[in-house]
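Visitor: one predicted model, sequence on top.
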Amino acid sequence: MTDTDVVPLAAAGRAKTPPDQRRRAWTVTALLVVFMMVNFADKSVLGLAADPVRKDLGLSASAFGLANSAFFLLFSVCGAAVGLLADRVRPKWLLLTMAVLWSLSQVPLVLGGGLAVLVTSRVLLGAAEGPAFPVAQQTTLSWFPDRRRNLPGALIVLGITLGVLVAAPVLTWVIHQHGWRTAVAVVAIAGAVWALLWIPFGGEGPYAAASDSGTPAPAPAEGPATGAGPDAERTAEGAEAAESAAGTGGAPRGTPYRRIIATRTWIGATAAYFGTYWVIAFCLVWLPSFFHDGLGYSSAASARLLMLVWGLSGVVVLGQAGLTGWLLRRGTTSRRARGGVGGVLMLVGAAACLALPVAPAGAATVALLVAGFGCAGAMSSVAATTVAELAPADRRGGALGIMNAVVTTAGLIAPTLVGHLVDTHGTAGYRQALLITGVLLVLGGTAAVTLIDPARDARLLSARRAVRLPPDHDTPLQAV
């Protein structure tokens, strides 16, 4: 038996998670937090080095935006393809391959070259990083039952924040002292070091679609025990673990992908997450320049303000995870605990962004910008845990991957559009971009509040499958 095989839960009411499994779960989660930190350090390095890169390569704002958008050229396609593959191939090896490719794709840029090398390197890096978030979430969540997933899911999102918080001061110093190509080398080395740590310590958990041995996780025993006090709590925990292990917490196993992505929950989570990813792309590529060129702050002050935006985003993500987890434990539905909380936070962010054009320059502008962008980040975690709740274990990787592919088109559009606005309208172009951002957050927040309801959609999918397929016809041919 391998380290992630599952023992059948014959006595679910008395089952407790073994201490070794808990330690392994949090070790893997910690490694994947670092994985996302490296991932977003890779993404942010060019934004932090925007002025030196543009000066060194002689790029206009539009050309620089286009070079950054090139990162997302294959990002979405590869995100969907590898997400589907993660339902058939062990995510451990997919994550390792990604990290190695991150490092290799940046070597040509470290060695030299102009715009062509920059674009090629970013396209290859984007292809390798496209599947990172959905596969990291899928792997992390495979260690926890549904009602325990909010914190680990939020921590993976927090890795994004921590990556930028660490990258902003460290890479800014490296860029000023040793040049932007050296900063690219630093993040490439970080990816290689992570890969060496992942080989011995990484792996999938007992709530994955398949165990390490490649066999499906065993189904739970019937007849959960009843009781009160600690015994009842253990009963609930054991039953929940059994349900998740069997992949029966959401839609039935074998539900076609096309039906999952046609649900209101998947559409609402994806629409909301699109708005969040637009904010992420804006932050990574243009926010340092906006602070420096649009608001007149020094490079050092711009880096500190960028850290403030990402720091607030991290606090909001953890706060949302805590509030959502508390609501779920009290019996609140995911419609309110996930869709409601995440959607309201997006609407708060939207209000702040829409107020920016009429705000006086200075501290008020910075405060609104920090609040607007900081509140929008929680939807990354909400969207992932919501889709993971809806999709059965054998469809989870694909459902998350397809969502990520749609969402990350924001990263393809935002840098180019903002660059065009800046070239056309000067610093006023930043404020127009912020208005567009506010509108997208309004649409995303509204979609989250009105459409997300995993329990409803799981029931609809179950009912439709019961009508269309007898139990003995649940075959892999229904995957698409």
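Guide: Received the coordinates, thanks.
Visitor: residue 127 versus residue 341, what's the distance?
Guide: Distance from residue 341 to residue 127, counting by C-beta to C-beta, to the nearest Å: 34 Å. From N, CA and C alone the C-beta is placed, and that goes for glycine too.
Visitor: next one: residue 387
Guide: 23 Å.
Visitor: more neighbours: which of those two?
Guide: Neighbour totals were compared for residue 387 and residue 127, and residue 387 leads with 29 against 23 (other C-beta atoms under 10 Å).
Visitor: got the phi/psi numbers for the more buried one?
Guide: Dihedral angles of residue 387 (phi, psi; degrees, to the nearest 10) stand at phi -70, psi -40.
Visitor: nearest spatial neighbour of it, skipping sequence neighbours?
Guide: residue 399 (5.2 Å; C-beta to C-beta, 6 or more residues apart in numbering).
Visitor: count the residues that sit near that neighbour.
Guide: With other C-beta under 10 Å as criterion, residue 399 counts 28.
Visitor: what's the average pLDDT for the helix or strand encompassing it?
Guide: According to DSSP states H and E, residue 399 maps onto helix 396-407. Here helix 396-407 scores 89 as its mean pLDDT.
Visitor: buried stuff in it?
Guide: 396, 397, 398, 399, 400, 401, 402, 403, 404, 405, 406, 407 (16 or more other C-beta atoms under 10 Å).
Visitor: identify the residues contacting that helix?
Guide: 76-77, 79-87, 91, 130-131, 133-135, 137-138, 141, 209, 257, 260-261, 266, 269-270, 273-274, 276-277, 383-384, 387-388, 390-391 (C-beta atoms under 8 Å, 6 or more residues apart in numbering).
Visitor: hmm, try it at 6 Å
Guide: 76, 79-80, 83-84, 86-87, 133-134, 138, 257, 260-261, 270, 273-274, 277, 387-388, 391 (C-beta atoms under 6 Å, 6 or more residues apart in numbering).
Visitor: how about stretch 47-66: buried residues?
Guide: Result for stretch 47-66 [16+ other C-beta under 10 Å]: buried residues 47-54, 57, 59, 61-66.
Visitor: most widely separated two among the residues you listed?
Guide: Spatially, the most separated pair among the buried residues of stretch 47-66 is 48 and 62, at 19.6 Å (C-beta to C-beta).
Visitor: is residue 360 in a helix, a strand, or coil?
Guide: coil (DSSP: H, G, I helix; E, B strand; the rest coil).
Visitor: and residue 62, by the same measure?
Guide: Classified using three-state DSSP, residue 62 is helix.
Visitor: residue 177 now?
Guide: From three-state DSSP, the assignment for residue 177 is helix.
Visitor: neighbours of it, how many?
Guide: Neighbour tally, residue 177, other C-beta under 10 Å: 9.
Visitor: look up how far residue 258 lies from it.
Guide: Residue 177 is 52 Å from residue 258, by C-beta to C-beta.
Visitor: equivalent analysis for residue 327, please.
Guide: The value you get for residue 327 to residue 258, if C-beta to C-beta is used, is 31 Å.
Visitor: higher neighbour count, those two?
Guide: residue 327 (18 against 10).
Visitor: that one contacts residue 337, doesn't it?
Guide: Yes. Using C-beta atoms under 6 Å as the test, residue 327 is close enough to residue 337 to be in contact (3.8 Å).
Visitor: by mean pLDDT, point me to the weakest helix or strand of the protein.
Guide: helix 229-246 (a mean of 42; mean pLDDT, DSSP states H and E).
Visitor: name the residues that touch the very next helix or strand once past that one?
Guide: As assigned by DSSP H and E, the chain's next helix or strand after helix 229-246 is helix 257-260. The contact list for helix 257-260 (C-beta under 6 Å, 6+ apart) reads 266, 391, 398, 399, 461, 480.
Visitor: geometric centre of this structure: which residue is closest?
Guide: residue 133 (4.5 Å; C-alpha atoms, centre = their mean).
Visitor: just the strands in the stretch 201-350 of the chain please.
Guide: Using DSSP state E, counting those that start in this stretch, the stretch 201-350 of the chain contains no strands.
Visitor: what residues of the helix or strand hosting residue 103 count as buried?
Guide: Assigned by DSSP H and E, residue 103 falls within helix 91-111. Residues of helix 91-111 classed as buried: 91-92, 94-96, 98-103, 105-106, 109-110 (neighbour count, 16+ other C-beta under 10 Å).
Visitor: give me the low-pLDDT residue ranges for the protein?
Guide: Applying pLDDT under 70 to the chain flags residues 1-17, 209-249, 465-480.
Visitor: swap in 50 and give it another go.
Guide: For the chain, the stretches with pLDDT under 50 are 1-15, 210-248, 471-480.
Visitor: so residue 54 touches residue 62, yeah?
Guide: No. Between residue 54 and residue 62 there is no contact under C-beta under 6 Å: 10.8 Å.
Visitor: coming back round to it: now do the residue nearest to residue 387 against residue 165, distance only.
Guide: Applying C-beta to C-beta to residue 399 and residue 165 gives a distance of 30 Å.
Visitor: repeat that for residue 294.
Guide: From residue 294 to residue 165 the distance is 22 Å (C-beta to C-beta).
Visitor: now residue 130
Guide: In terms of C-beta to C-beta, residue 130 sits 23 Å off from residue 165.
Visitor: and what of residue 262?
Guide: Taking C-beta to C-beta, one finds residue 262 at 38 Å from residue 165.
Visitor: again, but for residue 105
Guide: 24 Å.
Visitor: strands of the stretch 1-150 of the chain, residue ranges please.
Guide: Going by DSSP E, counting those that start in this stretch, the stretch 1-150 of the chain shows no strands.
Visitor: could you name the helices and strands sitting against whatever helix or strand residue 389 lives in?
Guide: Using DSSP H and E, residue 389 sits within helix 379-390. For helix 379-390, the packing partners by 3 or more C-beta pairs under 6 Å, 6 or more residues apart in numbering; DSSP states H and E come out as helix 150-178, helix 264-285, helix 341-355, helix 396-407, helix 454-468.
Visitor: what's around the residue nearest to residue 166 when sequence neighbours are not counted, how many residues?
Guide: Counting by C-beta to C-beta, 6+ apart, residue 37 is the residue found nearest to residue 166 once chain neighbours are left out, at 6.4 Å. By other C-beta under 10 Å, 22 other residues sit near residue 37.
Visitor: what's near enough to touch residue 37?
Guide: 159, 162, 163.
Visitor: buried only: go through these for me.
Guide: For those, buried by 16+ other C-beta under 10 Å: 159, 162, 163.
Visitor: residues contacting the second one?
Guide: The one in question is residue 162. Counted by C-beta under 6 Å, 6+ apart, residue 162 has contacts residue 37.
Visitor: let's see 8 Å
Guide: 33, 36, 37, 314.
Visitor: report the separation between it and residue 38.
Guide: 10 Å.
Visitor: same thing with the last one?
Guide: Relative to residue 38, residue 163 is positioned 7 Å away (C-beta to C-beta).
Visitor: and for the first one?
Guide: Taken as C-beta to C-beta, the spacing of residue 159 relative to residue 38 amounts to 9 Å.
Visitor: name the helix or strand for the residue lying closest to residue 343 once chain neighbours are set aside, please.
Guide: With C-beta to C-beta, 6+ apart as the criterion, residue 343 has its nearest non-adjacent residue at 3.2 Å, and that residue is residue 448. For residue 448, the host element (DSSP H and E) is helix 428-451.
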